[in-house]
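Trainee: 3D, please:
(one chain, ligands or ions: 1)
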Amino acid sequence: MIFDIIIIGGGPIGLNCALEAKKNDLSYLIIEKGTIVNSLYNYPLYMTFFSSSDKLEIAEIPFISTAPKPGRREALEYYQTIARQRNLNINLYEEVLKITKNEIFLVETSKNNYHAKNVIIATGFYDIPNLMNVKGENLPKVLHYYKEPYPFAKQKVAVIGSSNSAVDAALETYRKGAEVTMIIRHNEFSKSVKYWVKPDIENRIKEKSIAAHFNSEVVEITENSIIFKDENGKIQEIENDFVLAMTGYLPNFKFLQNSGIELQGDCLNPFYNQETMETNVPNLYLAGVVCGGKDTHLWFIENSRIHAEMIVNNIVSKN
Ligand SMILES: Cc1cc2nc3c(=O)[nH]c(=O)nc-3n(C[C@H](O)[C@H](O)[C@H](O)COP(=O)(O)OP(=O)(O)OC[C@H]3O[C@@H](n4cnc5c(N)ncnc54)[C@H](O)[C@@H]3O)c2cc1C
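Mentor: Numbering: from 1, shown residues only. Here you go, the predicted model:
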């Protein structure tokens, strides 16, 4: 069988592409290496989205949430229910390893080979942590994914980073009895920190419940300590049990490059036509947050939901 479209990645945007393909009577298959909306499944258990639920809706299917900003569990229910009830054609726990283009695409996965006229890459950015590249980063006490606060009770925890993930992890672990020190490269928190969370972290720092070192950079991590350069250029070493390295994540650039997509500039922005989302490889499209390259704050669900319609319109117009 030759599919009209193979969609790589069953995140919110991959699902949206499938719904759009279905609406236009195109044959499609989503190939997802984990469960449905795997990135969301791996989010911190008690996280709250910065978007209100209506901004996370796909295909105009209402997302009813009990709070203005939904949490991980509600979002999992929403997206997985859509996949189930709309009977989306999705293969799970199957990783796409290689895409080759001849006249049509050959998509090679961990389980099978498939053929398609068009391919959409909607692989997101949550699989590859942005490493600090310091000695000791590979110690088991250094975590790049934070799940929940309870393991850190009465522990000396260093939280690295300045955006939502770091702030949420610092506040949650502090409230479960951890002794928290934040180490932040910049001179302030990221502008994207949720507006209702920002005063909380600022006040905890002001009252010294949470220690924070701005303009500071981690130098080394040892079994019992963390060493960093502070804002005066002085090297400090503090006792430490766990490091939550909330330093962001990156798209799989190797996969994009091996698929023939040009990466441009310092942010390694993948090339695509801004009206159609088609890359420099004809009939190969990008959708969702993968489009931002290293700038992972550029795209989110809210503003990339539109990609599905742009892509499918382009495919239909070519047909
Ligand atoms: C903690 C956190 C909170 C966020 N909160 C918000 C928010 O409030 N509002 C908002 O709009 N955005 C938010 N985002 C940003 C972004 O919208 C989400 O990351 C969203 O999941 C992106 O959707 P996506 O479909 O583009 O990518 P993802 O949801 O990341 O989906 C990509 C999928 O591709 C799969 N995949 C990857 N490689 C392969 C492969 N080779 N083969 C097969 N499958 C593969 C992955 O397993 C994954 O399921 C948040 C992000 C994070 C990390």
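
Trainee: quick one: G292 from L26, how far?
Mentor: Separation of G292 from L26 (Cβ to Cβ, to the nearest Å) stands at 26 Å. Using the backbone N, CA and C atoms, a C-beta is placed for each residue, glycine as well.

Trainee: again, but for Y272
Mentor: In terms of Cβ to Cβ, Y272 sits 20 Å off from L26.

Trainee: can you check I99 too?
Mentor: 18 Å.

Trainee: again, but for I238
Mentor: Separation of I238 from L26 (Cβ to Cβ): 57 Å.

Trainee: Looking at the two now, which is surrounded by more residues?
Mentor: Neighbour count, other Cβ atoms under 10 Å: between I238 and L26, L26 has more, with 18 against 15.

Trainee: Is C291 in a helix, a strand, or coil?
Mentor: helix (DSSP: H, G, I helix; E, B strand; the rest coil).

Trainee: Read off the pLDDT value for the residue lying closest to it once chain neighbours are set aside.
Mentor: Take C291 and drop its neighbours on the chain: the residue closest to it by Cβ to Cβ, 6 or more residues apart in numbering is W299, 5.4 Å away. We have a pLDDT of 95 for W299.

Trainee: for W299, what are its contacts?
Mentor: Contacts here follow Cβ atoms under 8 Å, 6 or more residues apart in numbering; on that basis W299 touches 288-289, 291-292.

Trainee: Reformat those residues as a markdown table; add neighbour count and distance to the ligand.
Mentor: Converted to a markdown table, the contacts of W299 look like this (neighbours: other Cβ atoms under 10 Å; distance: Cβ to the nearest ligand atom, whole Å):
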| residue | neighbour count | distance to the ligand |
| --- | --- | --- |
| G288 | 28 | 2 |
| V289 | 27 | 4 |
| C291 | 23 | 8 |
| G292 | 20 | 10 |
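
Trainee: now, which of these sits nearest G265?
Mentor: Nearest to G265 among the contacts of W299 is G292, at 11.7 Å by Cβ to Cβ.

Trainee: and the nearest residue to the closest one once chain neighbours are set aside, which of the three is it?
Mentor: Counting by Cβ to Cβ, 6+ apart, L298 is the residue found nearest to G292 once chain neighbours are left out, at 3.7 Å. Put simply, L298 is coil when judged by three-state DSSP.

Trainee: Burial check on L298, number of neighbours?
Mentor: As a burial measure, L298 scores 14 neighbours (other Cβ under 10 Å).

Trainee: quick one: the residue nearest the centre of the chain from the ligand, how far?
Mentor: What sits nearest the mean C-alpha location of the chain, by Cα atoms, centre = their mean, is Y126, with 3.5 Å. Going from Y126 to the ligand by Cβ to the nearest ligand atom, to the nearest Å gives 5 Å.
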